[in-house]
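1. Here you go, sequence then predicted model.
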Amino acid sequence: MKRWIGFIATLACLPLCAEEPATTRQANAQPALHRYIVERTFPRDALKGVNAETKKQVNANNARVGVKWILSYANAAETKTYCLYEGPSEAAVRKAAQLNKLPIDKVTEVPVTLTPQ
């Protein structure tokens, strides 16, 4: 019985003991994603032209710099937006905005999620 316990303990240790080389882990590692709220101000009626093709181009430009547009909220006049993004850095989010020719009033990293329950 003791022999089996030792064997099982050895098997349980294998994934921990047999780590892949650090160079392999680093090469396969994905950059850490951060969340950002981006505030923007637009001229009146500027958001009227946002269609599926525009969104497709925005998403393609974002992907070039590792940024993902999650969702946006607009005020009733559609002159202010508050957009949630994921990306590797604030600089990447700003670069995506530049590629898409979108204004930025403010970028705030939002690492904490609060829920009502």
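-> Noted; the coordinates are in hand.

2. Specify the local secondary structure of residue 63.
-> helix (DSSP: H, G, I helix; E, B strand; the rest coil).

3. any idea how far it lies from residue 69?
-> Going from residue 63 to residue 69 by C-beta to C-beta, to the nearest Å gives 10 Å. From N, CA and C alone the C-beta is placed, and that goes for glycine too.

4. okay, the two: which has more neighbours?
-> For residue 63 against residue 69, the residue with the higher neighbour count under other C-beta atoms under 10 Å is residue 69, and the figures read 20 against 12.

5. So the more buried one belongs to a strand, correct?
-> Yes. Residue assignment for residue 69, taken from three-state DSSP, places it within a strand.

6. Let me know how buried residue 56 is, in neighbour terms.
-> The local packing of residue 56 (other C-beta under 10 Å) involves 10 other residues.

7. Tell me the secondary structure of it, please.
-> Here residue 56 is helix, with the state taken from three-state DSSP.

8. which residues pair with the residue nearest the centre of the chain across the strands?
-> Central residue check for the chain by C-alpha atoms, centre = their mean: the C-alpha nearest the mean position is that of residue 86, 2.0 Å away. Per DSSP bridges, residues listed as beta-bridge partners of residue 86: residue 35, residue 68.

9. Would you enumerate the residues in contact with it?
-> Going by C-beta atoms under 8 Å, 6 or more residues apart in numbering, residue 86 touches 33-36, 67-68, 70.
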